[in-house]
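Engineer: I'll drop the sequence and a predicted model, then ask my questions.
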Amino acid sequence: MMRELTLEHHQHNLKYNLAHEFIWGFGAAFHTVYALVPLFLKELSAPEYITVSSVGIFSIMIAFPTLFSAAFGRNIINIKKAVILAHSPILLVTFMMGFTFLIYDPALVNNAWKIYLCFFILYGISIGIIVPVWTEFINKSTIDSLRGKFLGLGFAFNSLGGLLGGIALKILLLSELIFPKNFGIGFFILFFSLLLGTILFFPFKSKRNKINFPKQTFKSFFFKTKDIIKNHKNFQKYILSRIFYCASLPGMGLYVICCQNKIMFDVSEIGTFTIITIIFSAISSYVSGFIGDTYGNKKSMLLAYFAHLCAPLITLFASNILGVYLVFVAVGIGQGSFMPAAMNLVYDFAKQRDSKTYMALIDSLLAPFVLIYLFIIGVLINNKQYNLALIILIISLLIGLIVITLFVKDPKSDESYNKD
């Protein structure tokens, strides 16, 4: 670890990050929360309100530990060691998923979907532990002015890895392997991909926090957190727009179920959906990073909001498999453009303050509203009100787009909250 990061170090980290993201993307294709998870739950005979709520449940579970992770990591000096250790829980969870569905075969047990749902919840919590620490790790491993392209290229390679993973997933689901052993193999592929991707953190060069960095008590940490919530007005407006954007989370589980109910496509189409999503996610990730570095990260976030608004609109009128493909084009653009923009907006809002805290605050503040959307959409789905559910998502996403467009200033140029 070093005091300052040079351009040579940044480029060194970029190479390893591209390999890391590619491998993670390949593995993640075998556990996509917007396609594979809801259909896997459906195949396990889970209630429909559970299957369509998978993305929202995932978001809430990520949010649950983030603030605690940021609080306990407030005085980290060796950020690389911390980010590697933070990946231990997810490796354990994914290994157990693979073992359970390949070796143990829970199909022999009543209510097997409950076993998987427990793993899925632990999977989300594990990612919530990682996110704040990984956010700070990226902050310490990149040059500020080049971070947008770093993240954009990284997520693009993640998508390219996912493209190959999607092809492999389609082959796996079309094979002679019986259900759920085919999914068990996919979960083991996910485990080994995450393991190899975590190992690739070791060669990274990262800045070391100053030795004289004043250690925060829990009391001072929560005081600063409270001050951000109360006084950072532009951040408040951003959170307001993100509250309405939460509608996209239950939406991603809803789209595939709505379309299958209307068109009755084969389950092997999950691989095709993954490939489509990943291609457009890769393209939009790079475009989003470029727009963010060139014109500001707020503008790159607008692309994500608009794409996610298009997804329920297309779902509402889809009448054939081509329409379903277009839904996943919109989902891919939304997902790909969102991650680089959202990450860079965290750094823009935080400026020289603790980026872990801002990332954790966003997830924690939004979690109750994700829960509200899950409840509303779940009630409507139980009553087979699919179109009404889609209309509510469309209205919410439109309001979110209006708020971020008209009322949120680009935080990079906003100096209204300049506390250290």
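Structural biologist: Cool, the structure landed.
Engineer: Spit out the contact partners of the closest residue in space to Leu18 that isn't next to it in sequence.
Structural biologist: What sits nearest to Leu18 in space, not counting adjacent residues and going by C-beta to C-beta, 6 or more residues apart in numbering, is Phe157, at 4.6 Å. Where C-beta positions appear, they are placed from N, C-alpha and C, glycine not excepted. Counting by C-beta atoms under 8 Å, 6 or more residues apart in numbering, Phe157 makes contact with Leu18, Ala19, Glu21, Phe22, Gly25, Ala282.
Engineer: out of those residues, what pair is the most spread apart?
Structural biologist: The largest separation in these, counting by C-beta to C-beta, is between Ala19 and Ala282 at 15.4 Å.
Engineer: which one of the two has more residues nearby?
Structural biologist: Ala282 (24 against 17; other C-beta atoms under 10 Å).
Engineer: wait, the more buried one sits on Ser159?
Structural biologist: Yes - Ala282 is within contact range of Ser159, at 3.3 Å (criterion: C-beta atoms under 8 Å).
Engineer: Next, show the common contact partners of those two.
Structural biologist: Gly336.
Engineer: and the next element down the chain from the helix or strand where Asp348 lies?
Structural biologist: Here Asp348, judged by DSSP states H and E, is contained in helix 321-350. Of the helices and strands lying after helix 321-350 in sequence (DSSP H and E), the nearest is helix 355-382.
Engineer: quick one: average pLDDT of that next one?
Structural biologist: With pLDDT averaged residue by residue, helix 355-382 scores 84.
Engineer: what comes up buried for that helix?
Structural biologist: 355-367, 369-371, 373-374, 376-378, 380-381 (16 or more other C-beta atoms under 10 Å).
Engineer: again, but for stretch 6-25
Structural biologist: Neighbour-count burial for stretch 6-25 flags 9-10, 12-14, 16-25 (criterion: 16+ other C-beta under 10 Å).
Engineer: just for the stretch 251-400 of the chain, where's the confidence low?
Structural biologist: Of all residues in the stretch 251-400 of the chain, none has pLDDT under 70.
Engineer: picking up where we left off before, now find how far off-centre the helix holding Asp348 is within its chain.
Structural biologist: 10 Å (C-alpha atoms, centre = their mean, to the nearest Å).
Engineer: will you turn the contacts of Phe157 into CSV that also has distance to Ile189?
Structural biologist: Listed next are the contacts of Phe157 as CSV, based on distance: C-beta to C-beta, whole Å:
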residue, distance to Ile189
Leu18, 20
Ala19, 17
Glu21, 16
Phe22, 14
Gly25, 12
Ala282, 20
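Engineer: Closest one to Ser288 out of these, please.
Structural biologist: Minimum distance to Ser288 across the contacts of Phe157 is 10.9 Å, recorded for Ala282 (C-beta to C-beta).
Engineer: Please name the residues that touch the residue nearest the centre of the chain.
Structural biologist: Nearest residue to the geometric centre of the chain (C-alpha atoms, centre = their mean): Met339, 7.2 Å. With contact set as C-beta under 8 Å, 6+ apart, Met339 has these partners: Leu151, Phe155, Ser285, Ser288.
Engineer: and the gap between it and Val324?
Structural biologist: Distance from Met339 to Val324, counting by C-beta to C-beta, to the nearest Å: 23 Å.
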